[in-house]
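Trainee: Curious how this folds, go ahead:
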Amino acid sequence: MTSLAPQAFSTEDILALYRLRWRIELAFKRLKSLVGLNQPPALDERSARPYLLAHLLMILLLEPLVDALEDSPRSAPA
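Mentor: Residues are numbered from 1 along each chain as shown. From the prediction side, this is the model:
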């Protein structure tokens with residue numbers, strides 16, 4: 001269900017947008033668990049902003065490494 005006009009977007013377009021939205025949701029969930037991005041330690045912008053920027057920087061630095069590690073074979077259980 002959507003509020004978009006049927007004339008503006010085809011069913012395939014709507015499904016593609018929904019798939020993209022779902023991928024974004026999963027990426028944020030994964031990144032939140034990867035770097036521990038929960039909520040800022042304070043509501044004051046002077047402390048919340050650096051907290052968020054530092055975590056976003058960590059995400060940018062770690063994401064390529066995580067992708068490479070996910071493609072590597074898993075070690076056999078001991």
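Trainee: can you list the weak-confidence ranges in the chain?
Mentor: Along the chain, segments meeting pLDDT under 70 span 1-2, 66-78.
Trainee: Mind jotting down where the helices sit in it?
Mentor: Assigned helices in the chain, in chain order: 11-35, 45-71 (criterion: DSSP state H).
Trainee: Turn the ones you listed into CSV, including distance to A5 and mean neighbour count.
Mentor: Placement of C-beta: from N, CA and C, glycine included. Compiled in CSV, those are given as follows (distance: least, C-beta to C-beta, whole Å; neighbours: other C-beta atoms under 10 Å):
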stretch, distance to A5, mean neighbour count
helix 11-35, 11, 12
helix 45-71, 35, 12
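Trainee: Those: which one's closest to L4?
Mentor: Across the helices of the chain, L4 has its closest neighbour in helix 11-35 (6.8 Å, C-beta to C-beta).
Trainee: Can you give the distance of the closest one from its chain's centre?
Mentor: 7 Å (C-alpha atoms, centre = their mean, to the nearest Å).
Trainee: That helix - contacts with which helices or strands?
Mentor: In terms of contacts (3 or more C-beta pairs under 8 Å, 6 or more residues apart in numbering; DSSP states H and E), helix 11-35 is packed against helix 45-71.
Trainee: Residues contacting stretch 28-44, please?
Mentor: S47, A48, Y51, L52, H55, M58, I59, L62, E63, V66 (C-beta atoms under 8 Å, 6 or more residues apart in numbering).
Trainee: go on, stretch 16-27?
Mentor: Applying C-beta under 8 Å, 6+ apart, the contact partners of stretch 16-27 are F9.
Trainee: at 6 Å instead, please
Mentor: The list of residues contacting stretch 16-27 from outside it, by C-beta atoms under 6 Å, 6 or more residues apart in numbering, is empty.
Trainee: Let's see that stretch as PDB, backbone CA atoms only.
Mentor: Extracted in PDB, the C-alpha atoms of stretch 16-27 (Å, rounded to 0.1, in the frame of the first residue of the first chain):
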ATOM      1  CA  ALA A  16      12.100  -1.700  -6.300                       C
ATOM      2  CA  LEU A  17      11.700   1.300  -3.900                       C
ATOM      3  CA  TYR A  18      10.500  -1.000  -1.100                       C
ATOM      4  CA  ARG A  19      13.400  -3.400  -1.700                       C
ATOM      5  CA  LEU A  20      15.800  -0.500  -1.500                       C
ATOM      6  CA  ARG A  21      14.200   0.800   1.700                       C
ATOM      7  CA  TRP A  22      14.400  -2.700   3.200                       C
ATOM      8  CA  ARG A  23      18.100  -2.900   2.300                       C
ATOM      9  CA  ILE A  24      18.700   0.500   4.000                       C
ATOM     10  CA  GLU A  25      16.900  -0.700   7.100                       C
ATOM     11  CA  LEU A  26      19.000  -3.800   7.300                       C
ATOM     12  CA  ALA A  27      22.200  -1.900   6.700                       C
END
